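Chemist: no letters, just coordinates:
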């Protein structure tokens with residue numbers, strides 16, 4: 001019965017750690033970061049502006065290559 005209990009505890013701990021890492025990977029954070037922490041507004045604005053700049057640059061290159 002002790003081996004069964006150890007297996008169940010290992011599975012539960014593995015699921016919790018996997019969930020922690022999965023949420024952080026999905027948010028683009030470091031593995032050990034806090035998955036509940038919200039990115040501040042300035043960082044979100046910088047990320048959005050950077051993405052828009054990349055899209056605009058790609059669109060300009062595509063239109064010039066035609």
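Modeler: Sure thing, it's come through. This structure is a prediction, so every number in the text was calculated from the model and none was measured.
Chemist: the domain parsing of this protein - what is it?
Modeler: 1-35, 40-66 (automatic domain parsing).
Chemist: low-confidence stretches in the protein?
Modeler: Low-confidence segments of the chain, defined by pLDDT under 70, span residues 66.
Chemist: helices along the chain, start to end?
Modeler: 2-27, 41-65 (DSSP state H).
Chemist: okay, the ones you listed in CSV with distance to residue 35 and mean neighbour count next?
Modeler: The C-beta positions use only the backbone N, C-alpha and C, and glycine is treated the same way. Shown next, in CSV, are the helices of the chain (distance: least, CB to CB, whole Å; neighbours: other CB atoms under 10 Å):
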stretch, distance to residue 35, mean neighbour count
helix 2-27, 4, 11
helix 41-65, 16, 10
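Chemist: pipe these into TSV and attach distance to residue 34 per row.
Modeler: Shown next, in TSV, are those (distance: least, CB to CB, whole Å):
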stretch	distance to residue 34
helix 2-27	8
helix 41-65	14
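Chemist: residue 33: which of those helices is closest?
Modeler: Closest approach to residue 33 among the helices of the chain (CB to CB): helix 2-27, 5.4 Å.
Chemist: residues touching the nearest residue to residue 27 once chain neighbours are set aside, list them.
Modeler: The spatially closest residue to residue 27, leaving aside those adjacent along the chain, is residue 35, at 6.9 Å (CB to CB, 6 or more residues apart in numbering). For residue 35, the contacting residues are 20, 23, 24, 27, 29, by CB atoms under 8 Å, 6 or more residues apart in numbering.
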